[in-house]
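# Have a look at this fold, sequence not included:
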């Protein structure tokens, strides 16, 4: 099916999220939408999927104008969407999920599971998916869950498939497999809209690349365009994503983790016997597919989670049972993975957010009162040093872009006296300009002799920053390797296979 | 035009508009329940009925004005101003309770246990004021402090149970209302505890000793007493606590985003305990107003539902100290002016309807926006610009 978008415009108040966007996706084409977070890709797809109504513009399917009041209409017209966060019911089986909302029923109106299984099997067989229709979603690995989402779309005869950042949660191998599937689907005539900000994937799989920036279509180019050129199209200026850093000069081990075990609410061992040393003046990156215990590790370190077994030592001091406040006060800077939930108070001003973990001490308070002049002065200093782009220090944080929000968090944490800096997903949902800045700040921190722990699922980031890489899988460290390790080896380690000669 | 629109979208304007609509709704009820209007409609037709309706509403609200602000029919100024002092007297506990409930809201806690907290404070304050002999003034001061501490303790219990067991504060406060009120009833029905000895009829607590009563500000002229001053002090304390102090900052942090607060090293559980105690302490000021501002004995109805009224005051006040002060004065005026309306044959319940309607409209901002075709609250770029330029001028001068 041919999809054509003409002059799509969507405004949210004064913000123009999509400005006169036109786009043609030919049948059987893999059309990549490339753009930074906040460029307007998701808005455009939500318009197409009927989740938003356009202010202006037309949608044409095979030259016929259509309009969708909701996702139901879009699905009926042959558009399927695989969201970044899966829309699956974890306690339902694959077959039940696939037919959800479109259930086959028998004569008396009961669910016809046999037909549902049949549908799953037919589609799986056609594309070699190898999915058990009776498996429960919660028991499946993320990569397979994503396939279920694809099957779900195909089961409703989707002729156009929208994949929204599909590789964010996959290992490199799973990503390769997904790309194979995409090629097969395209060969069978399905049109695919592939939304991403990862240049490597675009080059690997796309037939054509449309770059979106600031809500506008910047250009449509061939995927053979050099990476540097694609990046500057996406960002709007020359970019250099490699981080300029000198060789590390590691000193004493500052953070010592010994045989750490953390148990979650469901009595699962989310951290299962981890031992690590982090030395002064080095960046240790913890790589791995999301959900393999990295977050729990950071939270246990900070005192947000109870430690079941093992010990944590910071500069010789036992912090295994310390409270969050004690850990912060002993000199740990922490950038949480989900800044909106854990790192910021959206309805607070920038100034108020700077003092989140400083409300007990100078420079923010004097006695029981907030020291407003000192807070303002200190905040303006931080805003300048960390290049936070905001109208004033009293601007509410929710009005800032993702990159500037993250700079507020990073500025707050780096402005304290630190013995250790821990950052989880420091550049997730952050624009390229801010990524450069945050990476530089991290390296500067390292060069000041502070040990740094970076938790990241983005391999590019890991390679850029790391002096050593620890790969986590199912709560264990698979191995610690130098950043010269190949992507292939890393991929295997992220799937839990320790290569020869690598010790955990 | 658009600047005007934006002005209409600020919180204060919204509150004002809600009050206007509230009075309008009240007017409808006055007209519907009026015998005059009905008769006029039967005898003289629609026009007469309309005139009668206008007269009814006009008379009704004029009576409210006379009863709550300025009695135009009085012979001398002192008498003419009495309604205003009554408004102040009755607003005192409403303001204090409103502050307390509002504090809870800002920490993300829905404290509907004001009545129980008041009563628990009053219980111990009554003990002090009727069973203890202390020098004048000191006696009163000790009783006030005990009323506040007692209430705070009852509030802290809610926070503690919530933190320990995860029970919801709404359930806890409702249940503890019953406990506190029943406890108080038992105390005033037990002669060896708080029951007035020579009382006939229903058992009740003794009137507070003269030394423990809140002294009148204009003895002999008005019954306005020191409690109102305590409520005004509470407004100042609330403002400092919530806007200027680091404790209030942490309260607000937990209210806005408990996850971020926990990550920033704040013990959310402990904050709930302190916040509930602080919330109830303000309500305790209302309790002191009630129990020590009276010269006669009382039963458990001394709380007068002010713990619940405080919710409406808090909602209308919009969380800030000045807003709560004015909201309390407004509802105090309703309480003071009701009897005057009754004299005219307008049932004072109309004021309850007005009060309810105001809060309903406050709690349903989209409804008010729809009625007045207002823009959404968040987007006020032009106003922001004007404010910014004013601020710049201020900074320059």
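Thanks, I have it. Computed from a prediction, not measured in an experiment: that's the story for all the values here.
# Give me the mean pLDDT for the longest helix anywhere in chain B.
Ranked by residue count under DSSP state H, the longest helix found in chain B is helix B:77-106. Mean pLDDT, helix B:77-106: 95.
# any idea which helix or strand comes after that helix?
Toward the C-terminus, helix B:77-106 is succeeded by helix B:114-131 as the next helix or strand (DSSP states H and E).
# quick one: buried residues of that following helix?
By neighbour count on 16 or more other CB atoms under 10 Å in any protein chain shown, the buried set for helix B:114-131 is B:114-130. Any C-beta I mention is one placed from the backbone N, CA and C, and that applies to glycine too.
# and residue 175, what helix or strand is that in?
Picking chain A for this. Per DSSP H and E, residue A:175 falls inside helix A:172-187.
# you looked at the wrong chain, it should be chain B
Once you assign secondary structure using DSSP H and E, residue B:175 falls within helix B:169-188.
# And that helix, what does it pack against?
Helices and strands touching helix B:169-188, as assessed by 3 or more CB pairs under 8 Å, 6 or more residues apart in numbering or on different chains; DSSP states H and E, comprise helix B:114-131, helix B:138-165.
# Let me know which of those is the nearest to residue A:42.
Closest approach to residue A:42 among these (CB to CB): helix B:138-165, 38.3 Å.
# correct me, but residue A:31 touches residue A:195?
No: in this structure, residue A:31 is not within contact of residue A:195 by CB atoms under 8 Å, at 9.8 Å.
# pLDDT wise, what is residue 254 at?
Just so you know, I chose chain A. 95.
# my bad, chain B
On pLDDT, residue B:254 comes in at 96.
# Residue B:10 now?
With respect to pLDDT, residue B:10 has a value of 56.
# what's the answer for residue A:40, then?
84.
# how deep is it tucked in, by neighbour count?
For residue A:40, the count of nearby residues is 25 (other CB atoms under 10 Å in any protein chain shown).
# and what of residue B:192?
For residue B:192, using other CB under 10 Å, the count is 5.
# and it, what does it touch?
Neighbour list for residue B:192: empty [criterion: CB atoms under 8 Å, 6 or more residues apart in numbering or on different chains].
# Reduced to three states, what does it come out as?
coil (DSSP: H, G, I helix; E, B strand; the rest coil).
# The residue in the stretch 201-350 of chain B that chain A sits nearest to: neighbour count?
Minimum separation of the stretch 201-350 of chain B from chain A (CB to the nearest CB) falls at residue B:265, amounting to 3.5 Å. Residues near residue B:265, counting by other CB under 10 Å, number 22.
# Can you check the pLDDT for it?
Taking residue B:265 on its own, its pLDDT is 94.
# Apart from its chain neighbours, what residue comes closest to it?
residue A:325 (3.5 Å; CB to CB, 6 or more residues apart in numbering or on different chains).
# wait, what's in contact with residue B:83?
The contact partners of residue B:83, by CB under 8 Å, 6+ apart, come to B:66-71, B:336-337, B:340.
# Then residue A:393?
Shown in contact with residue A:393 (CB under 8 Å, 6+ apart): A:349-351, A:376, A:379-380, A:383.
# does it count as helix, strand or coil?
Put simply, residue A:393 is coil when judged by three-state DSSP.
# any chance you could read off phi and psi for it?
Main-chain dihedrals, residue A:393, degrees, to the nearest 10: phi -70, psi -10.
# ok, now how distant is it from residue A:183?
51 Å (CB to CB, to the nearest Å).
# okay, now residue 361: neighbour count?
I went with chain A, as the question did not name one. 13.
# Please refer instead to chain B.
22.
# Show me which residues of chain A are close to chain B?
Counting by CB under 8 Å from any CB of the partner chain, chain A comes close to chain B at A:13-14, A:302, A:304, A:323-329, A:334, A:336, A:341-348, A:352, A:355-357, A:359-360, A:364-365, A:368-370, A:372, A:391-392.
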